[in-house]
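Q: Here you go, sequence then predicted model.
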Amino acid sequence: MSAERSDGPKRTTTATHWGRYDVETKGGRIVAIDPVADDLEPSPIGPGIVAALGSRARILRPAVRRGWLEGRPREGTHRRGADEFVELSWDEALDLAAGSLAGLRDRYGNDSVFGGSYGWGSSGRFHHAQSQVHRFLAMAGGYTGSLNSYSCAAMEVILPHVIGGTGFSILGRTPRLDEIAANCELVVAFGGLPVKNRQVNDGGTGLHRTQPFLRRCRDAGVRFVNVSPIRDDMSTLVSAEWLPLRPNTDVALMMALAHTLIAEDRHDKEFLATRCVGFGRLEDYLMGAVDGVAKDAEWAAPITEIPADVIQNLARSMAERRSLVTVGWSIQRADHGEQPYWMAVALAAMTGWMREPGCGFGSGYGSMQGIGIERARQRIAALPQPDNPVDVAIPVARICDALENPGATIDYDGRRITFPDLRAIYWCGGNPFHHHQDLNRLVEAWQRPDLVIVNESWWTATAKFADIIFPVATFLERNDFAAGSNDPWLCAQQKACEPPRECLTDYEVFCRLADRLGFGSRYSEERSADEWVRHLYEKTRQTLGADGVELPNFEDFWRRGRVKMPTPPGSPAGDLVAFARDPMAAPLATPSGRIELFSATVDGFRYDDCPGHPVWMEPAEWLGSPLARRFSLHLISNQPHMRLHSQYDHGGASQASKVADREPIRIHPLDAAARGITSGDIARVFNDRGACLAGVLVDDAVRPGVVQLSTGAWFDPAEPSTAGSLERHGNPNVLTLDKGTSRLAQGPSAHTTLVDVERWTGEAPCVAAFDPPHFASHQGELRPPGVGRAHARGVS
Ligand SMILES: Nc1nc2c(c(=O)[nH]1)N[C@H]1C(S)=C(S)[C@@H](COP(=O)(O)OP(=O)(O)OC[C@H]3O[C@@H](n4cnc5c(=O)[nH]c(N)nc54)[C@H](O)[C@@H]3O)O[C@H]1N2
Ligand SMILES: Nc1nc2c(c(=O)[nH]1)N[C@H]1C(S)=C(S)[C@@H](COP(=O)(O)OP(=O)(O)OC[C@H]3O[C@@H](n4cnc5c(=O)[nH]c(N)nc54)[C@H](O)[C@@H]3O)O[C@H]1N2
Ligand SMILES: [Mo]
């Protein structure tokens, strides 16, 4: 690994969440990013990055928000997000950050520092942005953290009560795709199996390997059912039937399937009696003994808009043929998102097919590349994390609630969480103005803290909403190695070029801040970044060596660019097939050791929005709710085809997908005609929470009553100093609902959102999302607001 400057042409290799690429550099600039030759399903996201590299959106120097610097932090045009920035030297900006952070910490306590810093950042074991900021803040005295993920919060909290294990452990237990191809006859996929999402794997994708499995399934005659409001959530490589249900009604459909099984005596009573607890309670509810409402197919038909006979026939097939019930993650990013997961397990249990490999219950096949390929990967060393001295964490998606209500208490999984008084925020490797719901609310709540520090490479909205912004290197400008979850590859990430202008790595930023706060050598352990990378690789090599897995030495690995590791032997803890075959020998880690269709634990929490067994509850907004009279379209803000979240929205792949410069919104021909809209128009998408402009694509792949506007267009409010101003670029999160899934998981509910759409007839405002902020000069003393002089000089 060499860090010397070279202006001649060179080729390096790198790895991203969306695949491995060879990078060509000429004259110190990247000119091409090509998928590695053996990736037969490469993602276009990588090559598209080249177009973004020279963008004006690159942050080149440390900068501080003017109003903050001048002690007028929240007034009018000095509000966060609307303000000008003053570029400073590294020393000046670091002194201000260290001083201000230390001052707030000393005055309000360590829990006043929010370091949850959710986000994907870039792949790379050492330069992993979130690990860097967590290590830094833990050593600085501690921070308020966050619990669970935006991806899967409801699943993470409910499944351990139902089938045991940790939140994400189901992903290592889900039947493998090769088992499905070999042994399953019918896959009922709630949320479909959108291959677009399998471009991506968290931490890295060594190779994409989806199509061979789909072809094997097709050749074996496996039948797929795509239960989704969107037809192309299922690959055309397999033969699939489409059940275009109303969004957020999966539980009703599952209950009607279950009701049919019971009513026709097709349920596996032996399995339910010996492998489950609580079937009787759920049965009473399904059959109507509890509330007088039988959850049968006739009941579900008007809720889901799936005909009763279709539901009944599907239930029969599920009992007769070896079947798999699989649930995408999107379904639980919705109000009461715990319920479809719980009910899907119950439905799979009723079929009895859990005893068979490739059958029973699964999750996430259409969510990430690694799911269903391998069950586990070897243990790879990561940046060591000291204990966080602060024992406070908030459910990740409750950030707005926390900022708005310091001292308030909420329920979470059987305990009470009190929101701390958050005074400082440090974000590194995430984009809350991408990922959070109801952004107009966040814009207001975000004005409350005294200090917001952000490390970023690009002027994203989150960067523009910071007080202090540190410009950092991208993954192309540093050395590292990557390993994705459930992915057998260890991939070199070789520095292709120098970071531009004054950019430093996150690591270097935290080293310099730690120096100022008195723990520099504890943070760095006296290693350079490249020495850390080598150290983590060697640590991995030693650990695996002790388990009999030989890795090449570092030089060899670096030259080869990647190594494949064998899958760890043995079946995963809590394996559902092993349990189903012999529940005494392989019990689940639930209180009963069985599948809990009724959970005394959850019941004991006494939550009205998550009782002791799965129930159908109307979501806060859906096509059946009174609000649908005003906003008659259900918004699906799913993951984008052409990027990862908001990353490289300014890259070639994402830009090529835009319509009229904006994020495309797909609408059914009937809904478009009723509104006089055609493809290529600009539409205003709106509800009571906000409005955005998007480019129209009329497409019958979305069912009537549903519009799809993927996430990730950079937030672009027309008037950033005015609450709730028009968003110009098509960011769906100005529309989405910011509500916990329930008192159990408090997960995000993005998919529970009604909107309406109209043709935009006025002059279309230009998209300014990729413009840097305005810069101003500053004369006079540098002194952050409300912090004493000693702190301003960085004395802790
Ligand atoms: N409406 C709606 N909203 C959603 C979802 C949805 O389905 N619907 N899905 C949710 C889900 S599942 C997720 S996971 C979240 C994703 O939300 P995020 O993970 O916050 O989104 P990203 O765009 O990946 O943000 C990563 C940021 O890190 C920056 N970055 C990359 N590498 C580095 C680095 O090395 N250092 C630093 N300092 N920064 C770096 C990138 O430039 C980018 O701005 O969104 C959630 N939001
Ligand atoms: N290309 C790409 N791939 C990605 C990502 C990305 O940003 N880009 N993000 C990654 C991340 S962080 C995550 S967490 C995963 C997320 O993986 P998922 O959550 O599975 O992905 P989504 O695309 O949000 O949703 C998949 C489909 O679910 C359907 N759906 C939505 N609501 C409902 C509903 O109520 N009922 C039913 N039956 N179907 C519904 C939608 O039609 C949608 O297309 O994707 C990962 N993969
Ligand atoms: Mo996610």
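A: Cool, got the structure. Predicted model only: the values in this text are computed from it and were never measured. Numbering: from 1, shown residues only. Ligands and ions are numbered 1, 2, ... in the order given.
Q: what about Ile417, helix or strand, and which?
A: The secondary structure element spanning Ile417 is strand 415-418 (assigned by DSSP states H and E).
Q: Tell me which strands that strand pairs with, and in which orientation.
A: strand 409-412 (antiparallel) (DSSP bridges).
Q: same question for the partner strand, mean pLDDT?
A: The average pLDDT for strand 409-412 rounds to 98.
Q: Could you pull out the buried residues of that strand?
A: Ile410, Asp411, Tyr412 (16 or more other C-beta atoms under 10 Å). Bear in mind the C-beta positions are built from the backbone N, C-alpha and C, glycine included.
Q: Return only those of the residues you listed found close to ligand 1.
A: Checking those against ligand 1 by C-beta under 6 Å from any ligand atom, not one of them is in range.
Q: about what we covered before: what's downstream of the strand holding Ile417, the next helix or strand?
A: strand 424-428.
Q: List of residues touching that following strand?
A: Contacts to strand 424-428, defined as C-beta atoms under 8 Å, 6 or more residues apart in numbering, come from residues 100-101, 104-105, 112-115, 117, 119, 121, 129-130, 132-133, 136-137, 143, 449-455, 462, 466, 506.
Q: before we move on, back to that, would you mind checking the average pLDDT for the strand holding Ile417?
A: For strand 415-418, the per-residue pLDDT averages 98.
Q: List the buried residues in it.
A: Buried-residue list, strand 415-418, by 16+ other C-beta under 10 Å: Ile417.
Q: List the contacts of the residue in the stretch 351-500 of the chain that ligand 2 sits nearest to.
A: In the stretch 351-500 of the chain, the residue that lies nearest ligand 2 is Ser367 (3.4 Å; C-beta to the nearest ligand atom). Ser367 is in contact with Ser151, Asn197, Arg198, Gly328, Trp329, Ser330, counting by C-beta under 8 Å, 6+ apart.
Q: Check the secondary structure at it for me.
A: The three-state assignment at Ser367 reads coil, by DSSP: H, G, I helix; E, B strand; the rest coil.
Q: At the contact with ligand 1, which residues of the protein appear?
A: Counting by C-beta under 6 Å from any ligand atom, the chain sits next to ligand 1 at 119-122, 127, 129, 150-151, 333, 428-431, 434-435, 455-458, 460, 472, 506, 637-638, 644-647, 711, 732-733, 736, 750.
Q: how near is Pro569 to Gln378?
A: 11 Å (C-beta to C-beta, to the nearest Å).
Q: go on, Ser777?
A: 53 Å.
Q: Who has more neighbours out of the two?
A: In terms of neighbours (other C-beta atoms under 10 Å), Gln378 is the more surrounded of Ser777 and Gln378; the figures are 17 against 8.
Q: hang on, the more buried one is in a helix, isn't it?
A: No. Counting by three-state DSSP, Gln378 falls outside a helix, being coil.
Q: Low-confidence bits of the stretch 51-200 of the chain, can you list those?
A: Scanning the stretch 51-200 of the chain for pLDDT under 70 picks out no residues.
Q: any idea where the strands of it begin and end?
A: With DSSP state E, counting those that start in this stretch, the ranges of strands along the stretch 51-200 of the chain come out as 63-65, 85-87, 113-114, 145-147, 186-190.
Q: got the domain boundaries for the protein?
A: Per the record, the chain has its domains at 63-71+80-150+390-476+508-546, 161-377+572-605, 626-759, by automatic domain parsing.
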